[in-house]
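1. Okay, predicted coordinates and the sequence, questions at the end:
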Amino acid sequence: MHTIEEYQEFIQSAINKELVQREPKELYEPIDYTLMMGGKRLRPLLTLLTCDIFDGDIHQAIYPALGLETFHNFTLLHDDIMDQAPIRRGYPTVYKKWNANRAILSGDTMMVMAYDFILQSPKDLLFDIFTVFNRVGKEVCEGQQYDMNFETESKVTLDEYLKMIHLKTAVLLGGSMQVGAIIARTSADNIQLIYDFGESVGMVFQLQDDLLDAFGNEDVFGKKNGGDIRTNKKTFLYLKALELASPAQQKELIELYSIQSENDEQKVARVLEIFQELNIENETKRLMDCYYDKGFKILEKIDLDENKKRVLVKLANSLMKRAN
């Protein structure tokens, strides 16, 4: 087994090989900027780790993993335009650094690049890997559409929100692990179970993302604190607060989320105050614990020795405890 740092180095090395001088530079500069922006490389890391855990050849998994990472970053370029997000991982987003047209076209090119990388999978596994890639790719887009729908819908339920983040985030993490398992040529049961485990981890990851947006350290997290509140995003925190709020608090929250200014610090401060009054941070952590427990019930069914299961436990724990 390799270390997390070694998996990240394998991915970074593959990315570095792809960042050659290409023309037109106006198209490729934003792509290089995005791929070099960093991040934890979580999705490709999950692919390599899963392949390794099931005793596969991780060198066969590097380019499929890079395809998943490139696809993920393609979605971020377009999401940032739709969300009007100025900062990503502590840096200006592509559409802010250049413009929306360049971000759209560079994102489109990244989608094509993702397919090129996936094509470097073992030939006998291409159909299975493309089936996973296309399924989760479509589901991510479905999740983004639900997310955009919620911007104009006055009533969004907690179940609808959880379905949205399942599609937008969790399925890609599960799919990344599933691809690694396919390349390792493990059993069909293991391939499905590791996907299910990754989905549960993905739900924890996204809920933690929501939590850190409200209560996280901006310098550590790489996003402006309270960004979801500024843009009136109906996250789990907001929807749970509405559920638990008194009539007066509920009315105030709805009024605060009708304010369109993204520079209203008093609004952010008051929303956070209401969240604290309603103990929303702990409510979110309680739901995260439910998905965490679900993931480990799935993990018990996977045909792996206990030492390898502990590697997955350690990874899931690290996602639960991201710096805030």
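-> Received it, and whenever you're ready, just let me know what you need. Numbers count the residues shown, from 1 in each chain.
2. For the protein, name the helix or strand with the lowest mean pLDDT.
-> Every helix and strand of the chain was ranked by mean pLDDT, DSSP states H and E. The lowest is helix 218-221, at a mean of 61.
3. Skip ahead from that one and say which helix or strand is next.
-> Later in the chain than helix 218-221, the nearest helix or strand by DSSP states H and E is helix 227-230.
4. can I get the CA coordinates of that following helix in CSV?
-> Only the C-alpha atoms of helix 227-230 are listed here, as CSV (Å, rounded to 0.1, in the frame of the first residue of the first chain):
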residue,chain,number,x,y,z
GLY,A,227,-20.6,32.6,1.0
ASP,A,228,-23.7,30.4,1.0
ILE,A,229,-25.5,32.9,3.2
ARG,A,230,-24.5,35.9,1.0
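5. Which strands and helices lie in contact with the helix or strand following that helix?
-> Note on helix 227-230: by DSSP H and E, the next helix or strand toward the C-terminus is helix 236-244. Identification of packing neighbours for helix 236-244 by 3 or more C-beta pairs under 8 Å, 6 or more residues apart in numbering; DSSP states H and E yields helix 158-165, helix 188-215, helix 227-230, helix 247-256, helix 265-277, helix 280-301. From N, CA and C alone the C-beta is placed, and that goes for glycine too.
6. what's the neighbour count on Leu167?
-> 21 (other C-beta atoms under 10 Å).
7. same deal with Asn149?
-> 12.
8. Check the one 10 residues further on too.
-> Applying other C-beta under 10 Å, we find 9 residues neighbouring Asp159.
9. Once you drop chain neighbours, what's closest to Cys141?
-> In this structure, Cys141 finds its nearest non-sequential neighbour in Thr75, 8.0 Å apart by C-beta to C-beta, 6 or more residues apart in numbering.
10. in the one helix or strand that neighbour maps to, what's buried?
-> According to DSSP H and E, Thr75 maps onto helix 58-83. By neighbour count with 16 or more other C-beta atoms under 10 Å, helix 58-83 contains the buried residues 58, 60-81, 83.
11. and the spatially most central residue of the chain, what pLDDT?
-> Central residue of the chain (C-alpha atoms, centre = their mean): Thr169, 4.6 Å from the mean position. Note for Thr169: predicted pLDDT of 95.
12. Confirm it sits in a helix?
-> Yes - membership of Thr169 in a helix is supported by DSSP: H, G, I helix; E, B strand; the rest coil.
13. Tell me how far it lies from Glu199.
-> Using C-beta to C-beta, to the nearest Å, one gets 10 Å for the distance from Thr169 to Glu199.
14. and what of Glu142?
-> 15 Å.
15. Can you tell me the SS state at Ala85?
-> Ala85 is classified as coil under three-state DSSP.
16. And the pLDDT for it?
-> 82.
17. Gly227 is in contact with that one, correct?
-> Yes - contact criterion C-beta atoms under 8 Å: Ala85 and Gly227 qualify, at 7.0 Å.
18. Identify the residue spatially nearest to Arg135, adjacent ones excluded.
-> With C-beta to C-beta, 6+ apart, the residue lying closest to Arg135 is Gly175, at 7.3 Å.
19. and the one you found, what element?
-> Short version, using DSSP H and E: Gly175 is in helix 171-183.
20. rewinding a little: can you tell which of the helices and strands packed on helix 236-244 is closest to Asn307?
-> Nearest of the helices and strands packed on helix 236-244 to Asn307, taken as C-beta to C-beta: helix 280-301 at 13.0 Å.
21. next SSE after the closest one?
-> helix 306-320.
22. Centre of the chain to that next one, how far?
-> 18 Å (C-alpha atoms, centre = their mean, to the nearest Å).
23. That'll do, ta.
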